[in-house]
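Undergrad: pasting the sequence and the predicted model now:
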Amino acid sequence: MNAPPDPKRVELLDAILPHVAFDGWSEKAFREAISTVGVTPAEARRLCPKGAVDLAADYHRRGDEAARADLMKEDLSTLRFRDKVARAVRVRIDAITDKEAVRRGTAMFSLPHLALEGSRLIWGTADMIWTTLGDSSDDLNWYTKRMSLSGVYGATVLYWLGDDSLDQQATDDFIDRRIGDVMQIEKVKAQVNQNSLLRPFTAPLARLSEKVRAPRGGTPPMDMPGSWVPPKS
């Protein structure tokens, strides 16, 4: 399980947020946070080797944990499967407390040298959602579910950042469309797999996919970067 975050690192995150709207997740904002918290630059670097980038990642993971807690309180038992996933994405968006911080973070994590870190964070969000919804897949589906939802969530964030509709209804509609697209792909995959004429072509891939297993062990599982690990209760 994840170790509890260092209290001083939490303080640095809280201290940097008021500066992000003006300076982004930058070195300047990081220095302002250091000054506010009152730690030495050396101690701040020990806590956050990558400076503001580490704090931006912490902010994203804080949103994941807030969304997980909110989802655990909801009764989703009466919803269709696709509606459960759509609701979970909406809850994760609602967990964002600072839209400008996300806007700045999205721009930063799109930079070539930080794109992998950004992808890991989004993958972690998708993993959190599937884990919280009770996903028990242990094969190739473990990966494809998270890959598809990562695409949905990433696209939704970009749409939401520009959404000025009443109660962000346009974002809800966007989520429904994207989830619908994924469900349509899954439907086509099922039809292809059931087509006897195509079986000679799909059978080798099916046998290969049967050998794929979800990550096992580690915190997070070392064979799949970006996995979300629930905190200790």
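TA: Looks like it arrived, so ask away.
Undergrad: how close does residue 145 sit to residue 69?
TA: Using Cβ to Cβ, to the nearest Å, one gets 22 Å for the distance from residue 145 to residue 69. All C-beta atoms are positioned from the backbone trio N, CA, C, and that covers glycine.
Undergrad: next one: residue 15
TA: From residue 15 to residue 69 the distance is 23 Å (Cβ to Cβ).
Undergrad: out of the two, which sits in the busier spot?
TA: residue 15 (20 against 13; other Cβ atoms under 10 Å).
Undergrad: what segments of the protein are helices?
TA: For the chain, applying DSSP state H gives helices covering 7-23, 27-37, 41-47, 52-73, 81-94, 99-109, 115-132, 140-161, 169-194, 199-209.
Undergrad: would you turn the ones you listed into a markdown table with mean pLDDT?
TA: Output for these, formatted as a markdown table (pLDDT from 0 to 100):
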| stretch | mean pLDDT |
| --- | --- |
| helix 7-23 | 97 |
| helix 27-37 | 97 |
| helix 41-47 | 96 |
| helix 52-73 | 97 |
| helix 81-94 | 96 |
| helix 99-109 | 97 |
| helix 115-132 | 95 |
| helix 140-161 | 93 |
| helix 169-194 | 80 |
| helix 199-209 | 58 |
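Undergrad: closest to residue 215 out of these?
TA: helix 140-161 (7.9 Å; Cβ to Cβ).
Undergrad: ok, now which ones touch the residue nearest the centre of the chain?
TA: By Cα atoms, centre = their mean, the chain has its centre lying nearest to residue 125, at 2.1 Å. Contacts for residue 125 (Cβ atoms under 8 Å, 6 or more residues apart in numbering) come out as 60, 63-64, 92, 150, 153, 228.
Undergrad: redo that, cut-off 10 Å
TA: 60-61, 63-64, 67-68, 88-89, 92, 95, 146, 149-150, 153-154, 157, 226, 228 (Cβ atoms under 10 Å, 6 or more residues apart in numbering).
Undergrad: ok, now residue 85?
TA: 76, 79, 129-130, 133, 145, 148-149, 152, 175, 178-179, 182-183.
Undergrad: for it, give its distance to residue 61.
TA: 20 Å.
Undergrad: same deal with residue 43?
TA: Relative to residue 61, and taking Cβ to Cβ, residue 43 is found at 21 Å.
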